[in-house]
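A.B. asks: Let's see this in three dimensions:
(chains A and B)
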Protein chains: 2
Amino acid sequence: MSVTAAKGFTAAGIAAGIKENGNPDLALVVNTGPRRAAAGVFTSNRVKAAPVLWSEQVLKSGQVSAVVLNSGGANACTGPKGFQDTHATAEKAAEVLGRGAIEVAVCSTGLIGVLLPMDKLLPGVETAAAALSEHGGEKAAIAIKTTDTVHKTAVVTKDGWTVGGMAKGAGMLAPGLATMLVVLTTDAVVESEVLDKALRAATRTTFDRVDSDGCMSTNDTVLLLASGAADVTPEYEEFAEAVRAVCDDLGQQLIRDAEGASKDIKVEVVNAASEDDAVEVGRSIARNNLLKCAVHGEDPNWGRVLSAIGTTKAAFEPDRLNVAINGVWVCKNGGVGEDREKVDMRYREVHIVADLAAGSETATIWTNDLTADYVHENSAYSS
Amino acid sequence: MSVTAAKGFTAAGIAAGIKENGNPDLALVVNTGPRRAAAGVFTSNRVKAAPVLWSEQVLKSGQVSAVVLNSGGANACTGPKGFQDTHATAEKAAEVLGRGAIEVAVCSTGLIGVLLPMDKLLPGVETAAAALSEHGGEKAAIAIKTTDTVHKTAVVTKDGWTVGGMAKGAGMLAPGLATMLVVLTTDAVVESEVLDKALRAATRTTFDRVDSDGCMSTNDTVLLLASGAADVTPEYEEFAEAVRAVCDDLGQQLIRDAEGASKDIKVEVVNAASEDDAVEVGRSIARNNLLKCAVHGEDPNWGRVLSAIGTTKAAFEPDRLNVAINGVWVCKNGGVGEDREKVDMRYREVHIVADLAAGSETATIWTNDLTADYVHENSAYSS
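C.D. replies: Here you go, the predicted structure:
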């Protein structure tokens, strides 16, 4: 499963000693071909970690032979030495695998502002290469965990071809850490331009709409590698939908594992004048700390939803807004609606619908509640 | 003191029974003249409470004779009935005081989405009017408290004239509540246009730069009333500075009383290309939940500061950024700087300096840490 569900890929996950506790911390994913088309999307944070700067260069050719991923250190804000370390990591993998370094993407996750222990990482690349297997996807997914409580994989199999993948991330909110790394693989025959189009379309409506605490990482990376080993060229729409489905599945797993969270909140904005308006409003609601606390307390506080909508530039009239919480329209026409006592918030999933009454566009943002556990995890953690 | 420190004002604060616990909940501030110039600034939230919509109309004339303020209910998201209630409140005060209703501003704070108990509020206006006193400023300040642990007043006295005021607000983050109400008074002779200019200049660099949780209220109101009773017309610069000093003092009191907070955080952005850049960066840092948790844990996590800066559009180069926490430059040129062990974060005030190395402009945003107490207060509270 995971990144080795598709044919033409091997993977490994090992403990290189980067993490002091001895847990697995180094993963290697190799495209054994026959093709090696690839696409990637990266954090839009302008403070980018060294491996992001490197991998962006790698992806310019549209070709990736291998991906080295480490947990235990983000290699972010580490200056020229940090970039040299990423480069050396790619060189080592290239040497061991007999490929060109410019075809080796690198992803790192862990503490910001700390150099990686290269004396452990480089030998680890050799160990991982020796452990490569067509069944190594699960171990690779385990080796990239940081504060994740579970490893995350997803697979969609179509008629003769497959899209699979792995992700790490505890919501978008790992403390002191970079947050989200994803490697997707497929054995379909797809050119890099098409991979890029499908990947951007998929991430725009999945990972980009998972927002647990509004904090953007320096290391977020999503890669899609195509081996062509299935010798099938799918229709674009079918392929794009498979990629979207895998991204959506992994995105849901990220939210469900959000640090300290006790509720998963689905914020659905309907009847917006534009999709951009719907996303802006959804994000504003999803980032409202007071609402997130209220949901934690199982309080259907629709006033918080209206306050959040009011801070946006979206098209709406305040006295036409409607809000439903778990199916009860507690706010109608900007005022008191159905009896809030009818709202049942005992279960983990909470569904908020914000009706802007301004058009016909919609968007859904996933977030989670704000809890004392989140504060504890993120204040006790030493960077 | 408070709003009655300046000559030409009377005030009262009484318990009208709006709050179920019997605490003071109704304040009245009256300008006894001889002049009654006024200015106001209001929340930029597009979902505005009824008293904000009413008071914005009142301020268009530049004349205010009296302000009625109630705690125990925000009268926000209450539809046409809510607006009628605000209007009736102004009418009642006008009748009792012998003024025109259009000269009576109204401010409300408390729960959103609940109608005010007018059967208690209107008699309360009469009771408050009967209690008006030149020494009533303190009681008025007490009557507008919601989750505030202390009442907030400030006074600046110059050569023959005074600016004083009162504020309510527990940070910007009162749960289920509207947050910030401020009434300032002066006995200087100042026209409404000049009051408006001075007030906007003052709030832009004081209240607008106090940001405890990024959540914007539906009821924020800051009023400045001038009685002219001192018969002194100050120079504009001196007057504006006095107004700014009172606003700054009250703003600091708001942050120090922020719900659940254990640290006051001064985010100072220096060497920005523009003041707008400095404010954008300061706000991004101040709203970063992960940084706020780290500060709570006394962890000088400068990586969080860089991540927050990286999400802005401000002019900067990542490898030229510098960050100091409590005087220690823990980040230099975008990477590791001085030893983070040198940072002493035991005290309540934490000072973060972000050096963008892109110009010479500066701005300071005040915020506080994110704590489990904040979550408890805001999840246990029933809207």
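
A.B. asks: pLDDT of the longest helix anywhere in chain A, averaged?
C.D. replies: Longest helix in chain A, counting residues (DSSP state H): helix A:236-256. Helix A:236-256 comes out with an average pLDDT of 91.

A.B. asks: again with stretch A:68-79
C.D. replies: The pLDDT scores in stretch A:68-79 average 91.

A.B. asks: still on that earlier bit, which elements pack onto the longest helix of chain A?
C.D. replies: The contact analysis (3 or more CB pairs under 8 Å, 6 or more residues apart in numbering or on different chains; DSSP states H and E) places helix A:236-256 against strand A:152-157, strand A:162-168, strand A:181-186, helix A:192-205, strand A:361-368. For every residue, glycine as well, the C-beta is placed using N, CA and C.

A.B. asks: In CSV: the ones you listed, plus distance to chain B.
C.D. replies: Formatted as CSV, the helices and strands packed on helix A:236-256 follow (distance: least, CB to the nearest CB, whole Å):
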stretch, distance to chain B
strand A:152-157, 21
strand A:162-168, 17
strand A:181-186, 16
helix A:192-205, 17
strand A:361-368, 12
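
A.B. asks: for chain A, which residue is closest to the average position?
C.D. replies: The centroid of chain A falls nearest to A:Met180 when counting by CA atoms, centre = their mean (4.5 Å).

A.B. asks: residues in contact with the closest residue to that one other than its chain neighbours?
C.D. replies: Counting by CB to CB, 6 or more residues apart in numbering or on different chains, A:Gly169 is the residue found nearest to A:Met180 once chain neighbours are left out, at 3.9 Å. Residues counted as contacts of A:Gly169 (CB atoms under 8 Å, 6 or more residues apart in numbering or on different chains) are A:Asp148, A:Lys152, A:Thr179, A:Met180, A:Leu181, A:Leu254, A:Asp257.

A.B. asks: One more: A:Thr157?
C.D. replies: Contact analysis of A:Thr157 by CB under 8 Å, 6+ apart lists A:Ala5.

A.B. asks: again, but for A:Phe239
C.D. replies: Contacts of A:Phe239 by CB under 8 Å, 6+ apart are A:Val163, A:Thr186, A:Ala188, A:Val190, A:Val194, A:Ala198.

A.B. asks: The last one reaches A:Leu224, doesn't it?
C.D. replies: Yes - A:Ala198 sits in contact with A:Leu224 when judged by CB atoms under 8 Å, with a separation of 7.5 Å.

A.B. asks: Comparing these two, which residue is more hemmed in?
C.D. replies: The neighbour comparison of A:Ala198 against A:Leu224 (other CB atoms under 10 Å in any protein chain shown) goes to A:Leu224, with 29 against 25.

A.B. asks: Which residues does the more buried one form beta bridges with?
C.D. replies: A:Ala39, A:Leu184 (DSSP bridges).

A.B. asks: do the one helix or strand A:Val281 maps to and chain B meet at all?
C.D. replies: Taking DSSP states H and E as the definition, A:Val281 sits inside helix A:275-286. No - applying CB under 8 Å from any CB of the partner chain, one finds helix A:275-286 out of contact with chain B, separated by at least 9.8 Å.

A.B. asks: so where is the stretch 51-200 of chain A shaky, pLDDT-wise?
C.D. replies: Low-confidence regions of the stretch 51-200 of chain A, defined by pLDDT under 70, span residues A:171-179.

A.B. asks: And the residue of it found nearest chain B, how far from A:Arg256?
C.D. replies: Closest contact between the stretch 51-200 of chain A and chain B, by CB to the nearest CB, is at A:Ile112 (3.0 Å). Note on A:Ile112: its distance to A:Arg256, by CB to CB, to the nearest Å, is 25 Å.

A.B. asks: Over to A:Leu195?
C.D. replies: Per CB to CB, A:Leu195 is found 27 Å from A:Arg256.

A.B. asks: which one of those two has more residues nearby?
C.D. replies: Taking neighbours as other CB under 10 Å, A:Leu195 and A:Arg256 compare with A:Leu195 leading, 25 against 18.

A.B. asks: Neighbour-wise, give me the winner out of the contacts of A:Phe239.
C.D. replies: Of all the contacts of A:Phe239, A:Thr186 has the most neighbours under the rule other CB under 10 Å, reaching 34 neighbours.

A.B. asks: Correct me if wrong: it contacts A:Leu223.
C.D. replies: No - the pair A:Thr186 / A:Leu223 is not scored as a contact, 11.5 Å apart, by CB under 8 Å.

A.B. asks: ok, A:Ala315 - contacts?
C.D. replies: By CB under 8 Å, 6+ apart, the contact set of A:Ala315 is A:Ala272, A:Ala273, A:Ser274, A:Asp277, A:Leu356, A:Ala358, A:Gly359.

A.B. asks: Of these, just say which sits nearest to B:Ala324.
C.D. replies: Nearest to B:Ala324 among those: A:Asp277, at 39.9 Å, using CB to CB.

A.B. asks: Chain neighbours aside, what residue packs nearest to the closest one?
C.D. replies: Spatial nearest neighbour of A:Asp277, excluding adjacent residues (CB to CB, 6+ apart): A:Ala314 at 3.8 Å.

A.B. asks: what's around the one you found, how many residues?
C.D. replies: When neighbours are counted by other CB under 10 Å, A:Ala314 registers 24.

A.B. asks: What does the pLDDT read for it?
C.D. replies: 95.

A.B. asks: Now do the phi/psi pair for it.
C.D. replies: According to degrees, to the nearest 10, the main-chain angles of A:Ala314 amount to phi -60, psi 160.

A.B. asks: shouldn't it be in contact with A:Arg283?
C.D. replies: No - applying CB under 8 Å, one finds A:Ala314 not in contact with A:Arg283, separated by 10.6 Å.
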